[in-house]
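1. When you get a sec, could you give me coordinates for this:
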Amino acid sequence: MMMTVALSSLASLLLLATNVDASPPFVLPEDTSMINQKVMSSMTGSIVGSGVGSSSGSSPLKPLPSSGISRKNSPGAAGRPIRVAYQGESGAYSEKSLRELLGENVIAVARPDFESCYRAVASRECDYACLPVENSLGGSIHDNYDLMLRYDLVIVAEHECRISHFLHANHGVKKEDIKYCMSHPQALAQCDNYLRSLRITPVPMYDTAGSVKLLMENGKGSKLGRKPDRQLPDKCTPANTAAIASVLAGKIYNMKCLDKSIEDDDSNFTRFLLLGRGDSGVSQYLNKNIPSKTSIVFTLPNTPGALYKALACFSLREIDFSKIESRPTSASLLNYLKFKNEQLGKKARNQAENRFRYCFYLDFLESELEDNAQNALHHLKEQADYCRILGSYPQKSKLVGPVKEQVEESKLYKVKDINDVTMDKLPSDDGGVKLNVGIIGYGKFGQFLGQKFVKKHNVKCVDTSDKSKEAEETGAEFYPMFELESFLKESDVLVIAVPMIDFESTVSSLPKDLIKNKLIVEVCPLGARPKAILLEQLPPNADIISSNAMFGPNTSGAMSWDGQPYIYEKVRVRDELRADAFLDVFERARCQMVKMTAEQHDAHIADAEFVTHLAGRLLGSGNILPPTPVSSKEYAALCDVTDMTSCDTFELFYGMYNFNPRAKGLIAKLRENLAKVERQLAAKEAYLAAKAEFENMDRQRLIADCRQLLHEVAKSKGSPLVEEAPNSPVLTITDASDKSSL
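-> Here you go, the predicted model:
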């Protein structure tokens, strides 16, 4: 339930969870036994790579028979045209591109930024996203490459869009009246010579189509004598200003075209990718008669010739490339690679080796299901630290499989005007689906969750104790236990936030007829046991999510969930929209979303979590860590761990102990380690004492030898008298003429 900051780095290395249906931020390499199925299945957003504990066999990967994609569950099959998200205002080049590729009858959904396009598809509000990845003049759009690594979407098609700029103005305005021109900075740069020739001053704006829309709104406002919501930039007026955008933008906003094809270079093309969810892959529909392309991303070890060897996997098999580019590796992937190397016993030679790592994005001209490509990918997997297939799709704007069928179906819809096939708002923009979230057990952690849930959903809570005051403070509605029936009836989602030792009895006490068709979410620190209990005791039509928010009310920076790890598994989900609406709370709080099974979670994290809490409890007793005016970062970190873990209930800690079969062994190992340290300290102490004693004996022996030597010297000369000073190791040599001491 509650997890300390000390475990954040361990959780973040697992952020690349595999094959998420919705809002999947990353993909982590899986066991080798799963790679064959993942790479060659229809879900082409899969992985080829060596995961934690994986082996690297040498046999080539073989394709598995595809069962195809059910039309019942495919996008656009619910009696509406498919929705395609794009970045920008209506009329943007991205909309122009998607209409060239998919036709005029698909619904184009305008989104404010690139990530919101990915989120719209991952959350199933849109079926696809049409996004630019490179321009023939401006180069790559790096944001979209980075987002492809964060979200588990798959490429299903590509399209090269000719970028032809048009000069738009309000009706009644002539070209010679234009003094200023608004547009995106890149569009202005591409028309620089044209603007200079007309002595027009460029005015940079956020978007090409948005500039036309702003100009139109101000033009209408001036005619009607109304002040528009957004004003034109300084010195710009509807009568002296134009905008550069696509021909589509001019048609949508009913603007006058003053000139066309005004770009300085007519070789301006932008490559767009059509991305869908993991179940939308089209690789199984490709054959040798369809020119194909496959996009992958991989990382390599920092060894001489690593990139040369990786590229040789393809060149030796005469597989052609169309693009290769490197990008800095994300922090989460870096953590995974660091963890993997530690598992293999490898250590970085210096900090820079861990800090500067790069991902390579590669497009090769062959389908991933071709034998040649399979062998190349298998060969690459043996060398790469991480490798993921982003998609295998047809070249040159060709559509295949379900995408083609959906586009053909969309042609049957009758479109009256452009408003029938455009959208600029999604349900999530208004907060999305509003759920009735019921929290069973309103202790510290229940209240911690309730404070966040109440900002978007209706929150109810029930507890064996009177928590009415706490519920009022957090904005929740409290139900006493005798109103449990009403509480269950009025809740869509039930979050069970009780201690693990009470989990089974709590679940068994719930009336089964009242939790049918509900979403049940467990938030225990260990997941395997609660998951098994829910599967055993809940009715089959109840949805189940197993999760662990590895942070809580005592975590440093608990007020912000940004970057905090949230591990979850959709154990059994029939209502995807409801499940996604619940998980969206954590996604919008920018938690690090980690999709992994409860069993994997326990195997990777349970021991670390138990040891962290055990260490915190040991150090928190007996004033072992007293406050100091000056302390090191390490001491401060220990104090933080102690403070956070000591605030948790003993029931929580006991649950970690009781339901982790390795907990007793860990305690025994800690005892052994403590005894070992004590033995080492005692041995060192005895060694130093013996060494001091021997050094003293050697000193006495040396003094005795010196005495003997001096006696012999004195006797050999015959004249000096050798005397020993009283109570002193210093010898005194005396003769008739001189006295000196030695």
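2. Spell out the secondary structure type for E134.
-> strand (DSSP: H, G, I helix; E, B strand; the rest coil).
3. Run through the bridge partners of it.
-> Here E134 shows beta-bridge partners S140, R271, assigned using DSSP bridges.
4. Show me where the stretch 201-350 of the chain has its strands.
-> In the stretch 201-350 of the chain, the strands defined using DSSP state E, counting those that start in this stretch lie at 201-204, 241-245, 256-260, 269-276, 292-299, 321-328.
5. Which among those strands is found nearest to D543?
-> strand 269-276 (23.8 Å; C-beta to C-beta). For the C-beta atoms, the positions are set from N, CA and C on the backbone; glycine is no exception.
6. following the worst-scoring helix or strand of the chain on mean pLDDT, which helix or strand shows up next?
-> The least trusted helix or strand in the chain, going by mean pLDDT, DSSP states H and E, turns out to be helix 32-40, with a mean of 34. Counting by DSSP states H and E, the next helix or strand C-terminal to helix 32-40 is strand 83-87.
7. what sits up against that next one?
-> Where contact means C-beta atoms under 8 Å, 6 or more residues apart in numbering, the residues beyond strand 83-87 that reach it are 75-76, 92, 94-95, 97-98, 102, 106-114, 116-117, 120-121, 125-131, 274, 423.
8. Give me the sheet partners of it and which way each runs.
-> strand 107-111 (parallel), strand 128-135 (parallel).
9. Tell me who's in contact with I501.
-> Here I501 is in contact with E651, Y654, G655, N658 (C-beta under 8 Å, 6+ apart).
10. one step back: now the strands paired with strand 83-87 as CSV including distance to V437?
-> Shown next, in CSV, are these (distance: least, C-beta to C-beta, whole Å):
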stretch, distance to V437
strand 107-111, 27
strand 128-135, 29
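11. so which of the ones you listed gets nearest A689?
-> Nearest of these to A689, taken as C-beta to C-beta: strand 128-135 at 70.9 Å.
12. Report all helices and strands that the longest helix belonging to the chain contacts.
-> Among the segments of the chain that qualify as a helix by DSSP state H, the longest is helix 663-717. On a contact count with 3 or more C-beta pairs under 8 Å, 6 or more residues apart in numbering; DSSP states H and E, helix 663-717 meets helix 607-619, helix 650-658, strand 721-724, strand 731-734.
13. Can you list the low-confidence ranges for this structure?
-> 1-80, 222-225, 331-355, 431-432, 554-559, 622, 644-648, 652, 718-742 (pLDDT under 70).
14. before we move on, the earlier item: list only buried entries from the contacts of strand 83-87.
-> Among the contacts of strand 83-87, those classed as buried by 16 or more other C-beta atoms under 10 Å are 75-76, 92, 94-95, 97-98, 102, 106-111, 114, 116-117, 120-121, 125-131, 274, 423.
15. Only the buried residues of stretch 276-289, if you could.
-> For stretch 276-289, by 16+ other C-beta under 10 Å, it's G276, R277, G278, D279, S280, G281, V282, S283, Q284, Y285, L286.
16. Okay, the fourth one and V121: tell me how far apart.
-> According to C-beta to C-beta, to the nearest Å, D279 stands 12 Å off from V121.
17. How much space separates the closest residue to G138 other than its chain neighbours from Y180?
-> Once flanking residues are discounted, G138 sits nearest to Q186: 5.6 Å by C-beta to C-beta, 6 or more residues apart in numbering. The spacing between Q186 and Y180, counted by C-beta to C-beta, is 18 Å.
18. who has more neighbours, those two?
-> When Q186 and Y180 are compared for neighbours, Y180 comes out ahead with 19 against 14, by other C-beta atoms under 10 Å.
19. Quick check: bridge partners of that one?
-> Taking DSSP bridges as the rule, Y180 bridges to T201, T241.
20. quick revisit: tell me the most buried of the strands of the stretch 201-350 of the chain?
-> strand 241-245 (a mean of 29; mean count of other C-beta atoms under 10 Å).
21. packing partners for that one?
-> Strand 241-245 sits against strand 166-169, strand 180-183, helix 185-190, helix 208-224, with contacts defined as 3+ C-beta pairs under 8 Å, 6+ apart.
22. what is the orientation angle of it with strand 256-260?
-> For strand 241-245 against strand 256-260, the angle by axes from the mean of the first three to the mean of the last three C-alpha atoms, to 10 degrees is 60 degrees.
23. To S326, which of the strands paired with strand 83-87 lies closest?
-> Closest to S326 of the strands paired with strand 83-87 is strand 128-135 (C-beta to C-beta; 14.1 Å).
24. and for the closest one, what are the contacting residues?
-> Contacts of strand 128-135 (C-beta under 8 Å, 6+ apart): 75, 82-87, 93-94, 97-98, 101-102, 114, 117-118, 120-121, 140-141, 144-145, 153, 156, 159, 163, 186, 268-276, 280, 323, 403.
25. now stretch 190-208
-> 88-89, 92-93, 137, 163, 165, 175, 178-185, 187-188, 211, 214, 233, 236, 241-246, 249, 262-265, 268.
26. got the end-to-end distance for that stretch?
-> Across stretch 190-208, the terminal residues are separated by 12 Å (C-alpha to C-alpha, to the nearest Å).
27. can you pull the buried residues of that stretch?
-> Result for stretch 190-208 [16+ other C-beta under 10 Å]: buried residues Q190, C191, Y194, L195, I200, P202, V203, M205, D207, T208.
28. repeat for stretch 134-151
-> E134, N135, S140, I141, N144, Y145, L147, M148, L149, R150, Y151.
29. what does stretch 387-396 give?
-> C387, R388, I389, L390, G391, S392, Y393, P394.
30. Please identify which pair of those lies farthest apart.
-> Farthest pair in those, by C-beta to C-beta: C387 and P394, 22.4 Å.
31. ok, so what distance separates the residue nearest to G138 from V400?
-> From Q186 to V400 the distance is 32 Å (C-beta to C-beta).
32. Check L535 too.
-> For L535, the distance to V400 - C-beta to C-beta - is 39 Å.
33. What of L198?
-> 46 Å.
34. related to what we said a few turns ago, which of the buried residues of stretch 387-396 fall in strands?
-> If you go by DSSP state E, these have C387, R388, I389, L390, G391, S392, Y393, P394 in strands.
35. quick one: L577 and V433 touch, right?
-> Yes. Using C-beta atoms under 8 Å, L577 is in contact with V433, at 6.3 Å.
36. ok, L488 touching L510?
-> Yes. L488 lies in contact with L510 (C-beta under 8 Å); the separation is 7.2 Å.
37. Mutual contacts of the two, please.
-> By C-beta under 8 Å, 6+ apart, the residues touching both L488 and L510 are L494.
38. follow-up on the earlier one: now, of the contacts of I501, which are buried?
-> So, by 16+ other C-beta under 10 Å, the buried ones in the contacts of I501 are G655.
39. tell me which of the contacts of I501 is nearest to F298?
-> G655 (40.6 Å).
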